[in-house]
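> Dropping the sequence and predicted coords here.
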Amino acid sequence: MSLYPAIVRAYAAFRELQLARIHRDPMSVQSQTLLRLVRRAADTAWGRQFDYASIHCVAEYQRRVPIQNYASMKPWWQRNFDGEADITWPGLPRWFAATSGTTAGDKYVPVTRALLRSHARVSADLIALYARRRPDRARGLFGGVFLGLGGTTTLERRGAVYVGDASGIAAGRLCWPLTRWYSPGRDIAAIVDWEERIGRIAERAARQNITFLAGIPSWVKVLLDRVIAVAASAHSPSKGDRTWGEGRHADPRPSRPGSAIRDPQSSPDSQCPIPNPQLLASLWPHLTLFVHGGVFFEPYRPIFDQYFAGLNVEYLDIYSASEASIGIQTDPCDPSLLLALDHNVFYEFVPLEQWGRPGAPRLTVADVQTGVSYVILLTTCAGLWSYDLGDIVRFTSLRPLTLRITGRHKLFISAFGENIISEHVEAAVAHACRLTGARVHEYTAAPRFPDGQRPLPAHEYVIEFASPPADMDAFRRAIDAKLCEQSLDYAIKRRGDLAMSCVEVTAVPEGTFYEWFKRRGRLGGQHKVPRCANHREYVDALRAIADEVRAAPG
């Protein structure tokens, strides 16, 4: 019998006690973290600029170092690309991670060995606390394979550094004993072309005993579809006597752009059912845990419930960005995330209502309150200093410190003064799905400006449905009602249909968002769909792709 479950249980018991102590006095740990980071960077160009050698407390640090963003730090990091060491962190960072670029173009942030250890420790906490809470299920977890769907481990040389997806950088540094459980393995993970890689992962995973699955839900769904296709192909009567999972599967990619995209309004199989989802229960009978992150999960939950029908899979969220891993979900029934306090990351929080104002307060974990929206700032062991991550969080508990991600402060719609943020959009779509039984693959929203036929402005939701609602009017009214409930400004604009009309929903064919990602060179990895924007760039591009598909013969 393997010793690993026993080792994990022993570590989990120790770590649970340690975390309880840390969360009783979180500021002590955070102060020590900041001062340790400041001391490490005192002899860097950044540290000399802000005289880190004379900083001895958090307040002094905040007085000297202003809030940073990517634009302000990029010139410093460019010096690393040019081969200069000791710029914002000691030494020369070997890697830079390409962030998802949800609100801007491609951005590259430094990744150090210390940051990789920080990421790994947060992931270890998730597994340890899961093992502590569910020891019966944790035993089976180590009896199979962990499948992590991330970016390629093949990195691109840029000057003196290498760039790639953060998950690919981390996967490429895995060593024994983690490689004992890791799938898809070094050979497939190194494939650069995402469509080739996902096909090869599906072929291998269909023959493995997967017990733990991790990835961004939208891309994991693509993988599961292809695993099911592999399994169905292997079981097809036309395959003769081949046994389960042995047959090679034809490339599941469309033969031409859009050829596999179906129009939910015209196709006879408009419900877009998952083909033979029960195959997963036979294929991976011991699948125990799905760790997801990157997007609001609730609209995806019904889809994954269908994929995992016949299995007893628990879902856990992890708040992990290219810049740092920040929190973990410890209870599947509570979406709150336990803040990672002792992993070489220092946090500051600016109240959202004061964001951008001169002198806006920069609060620490000692000052935050529940129910208040904050912009989160990170200081890390990779040379990020009071860095605006772009996320909005809200604390749900102070002892222990737990929070929820509620959106991106750069993702909003206020073309008409209605003040809708991504949190409102996500909650509205989830609400409409619950009321109407609809299921969505992907969606985004944008303003629809007045024109000759429609004198009142509105919001347009471009949605790719897994299963469209029977009553589309009820679906869009449900979105509209939830937006009114969440935003007083929107409710005022909608009152009496005088300033804005009800939201509009544009259903696009299945695969539209995939093709959109493909044309932008953003397949896989940590790329995500912006849930809303104050412009029409995304929705117009998606509508154009959908029109191409509908016009294509066959």
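Everything's here; your move.
> Contacts made by the helix or strand where Val429 lies with the rest, please.
Following DSSP states H and E, one finds Val429 within helix 422-436. Outside of helix 422-436, the residues that reach it under the criterion CB atoms under 8 Å, 6 or more residues apart in numbering are 296, 298-299, 302, 392, 406-408, 411-413, 438-440, 443, 445, 461, 463, 469-471, 474-476, 478-480, 482-483, 486-487, 490, 530-532. C-beta here means a position set from N, CA and C on the backbone, and glycine is covered the same way.
> one more time with 7 Å, if that's ok
Residues from elsewhere that reach helix 422-436, judged by CB atoms under 7 Å, 6 or more residues apart in numbering: 296, 298-299, 302, 392, 406-408, 411, 438-440, 443, 445, 469, 471, 474-475, 478-479, 482-483, 486-487, 531-532.
> Quick check: which helices or strands does the helix-or-strand element of the chain with minimal mean pLDDT pack against?
Least confident element among the helices and strands of the chain, by mean pLDDT, DSSP states H and E: helix 135-141 (a mean of 80). On a contact count with 3 or more CB pairs under 7 Å, 6 or more residues apart in numbering; DSSP states H and E, helix 135-141 meets helix 4-24, strand 210-215.
> For Ala202, grab the count of nearby residues.
The number of residues packed near Ala202 is 22, by other CB atoms under 10 Å.
> gap between it and Phe96?
30 Å (CB to CB, to the nearest Å).
> Could you do Pro450 as well?
When distance is defined by CB to CB, Pro450 is 44 Å away from Phe96.
> One more: Ser467?
40 Å.
> on that earlier part again, residues touching the helix or strand just after the least confident helix or strand of the chain, excluding its own?
Moving toward the C-terminus from helix 135-141, the next helix or strand (DSSP H and E) is strand 145-148. Contact partners of strand 145-148, identified using CB under 7 Å, 6+ apart, comprise 171, 181-183, 205, 208-215.
> The same query, at a cut-off of 10 Å, please.
Applying CB atoms under 10 Å, 6 or more residues apart in numbering, the external contacts of strand 145-148 come out as 123, 127, 167, 170-171, 174, 178, 180-185, 189, 201, 204-205, 208-215, 220, 223, 227, 284, 286-287, 289-291.
> From those residues, which land in strands?
Where those overlap with strands, as defined by DSSP state E, the overlap consists of Tyr182, Ser183, Ile210, Thr211, Phe212, Leu213, Ala214, Gly215, Leu289, Phe290, Val291.
> Quick one: the helices in the stretch 451-554 of the chain, in order.
In order along the chain, the stretch 451-554 of the chain carries the following helices (DSSP state H, counting those that start in this stretch): 472-486, 488-494, 512-519, 537-551.
> Same question for the stretch 301-450 of the chain.
Using DSSP H, counting those that start in this stretch, the helices found in the stretch 301-450 of the chain span residues 301-307, 422-436.
> Serialize these to a markdown table and add fields for distance to Gln62 and mean neighbour count.
Formatted as a markdown table, the entries for the helices of the stretch 301-450 of the chain read as follows, by distance: least, CB to CB, whole Å; neighbours: other CB atoms under 10 Å:
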| stretch | distance to Gln62 | mean neighbour count |
| --- | --- | --- |
| helix 301-307 | 40 | 18 |
| helix 422-436 | 27 | 23 |
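> So which of the helices of the stretch 451-554 of the chain is the most surrounded?
Stretch with highest mean neighbour count among the helices of the stretch 451-554 of the chain: helix 512-519 (a mean of 21; mean count of other CB atoms under 10 Å).
> now that helix: mean pLDDT?
Averaging pLDDT along helix 512-519 gives 93.
> what's that helix in contact with?
By CB under 10 Å, 6+ apart, the surrounding residues in contact with helix 512-519 are 194-195, 218-219, 222, 253-254, 257-258, 260-261, 263, 441-444, 462-464, 508-509, 511, 522-525, 527-529, 538, 541-546, 548-549.
> could you flag which of those residues are buried?
Buried residues within the contacts of helix 512-519, counting neighbours by 16 or more other CB atoms under 10 Å: 194-195, 218-219, 222, 253, 257-258, 260-261, 441-444, 462-464, 508-509, 511, 522-525, 527-529, 538, 542-543, 545-546, 549.
> List the contacts of Asp489.
Under the criterion of CB under 10 Å, 6+ apart, the contact partners of Asp489 comprise Ser414, Phe416, Gly417, Glu418, Asn419, Ile420.
> Let's see if you can find the most crowded of those residues.
Sorting those by how many neighbours each has (other CB under 10 Å) puts Ile420 first, at 25 neighbours.
> Next, the buried residues of stretch 38-48.
Residues of stretch 38-48 classed as buried by neighbour count (16+ other CB under 10 Å): Val38, Arg40, Ala41, Ala42, Thr44, Trp46, Gly47.
> quick check, nearest of the residues you listed to Leu17?
Arg40 (28.1 Å; CB to CB).
> So the closest one is in contact with Trp46, correct?
No. In this structure, Arg40 sits apart from Trp46 without contact. The criterion is CB atoms under 10 Å, and the distance is 11.2 Å.
> what touches both of those two?
Tyr52, Trp89, Gly383.
> how about the residue lying closest to Gly159 once chain neighbours are set aside, what does it touch?
On the basis of CB to CB, 6 or more residues apart in numbering, the spatially nearest residue to Gly159 that is not a chain neighbour turns out to be Phe81, at 4.0 Å. Remark: with contacts taken as CB under 10 Å, 6+ apart, Phe81 is in contact with Lys74, Leu92, Pro93, Phe96, Tyr108, Arg158, Gly159, Ala160, Val161, Val163.
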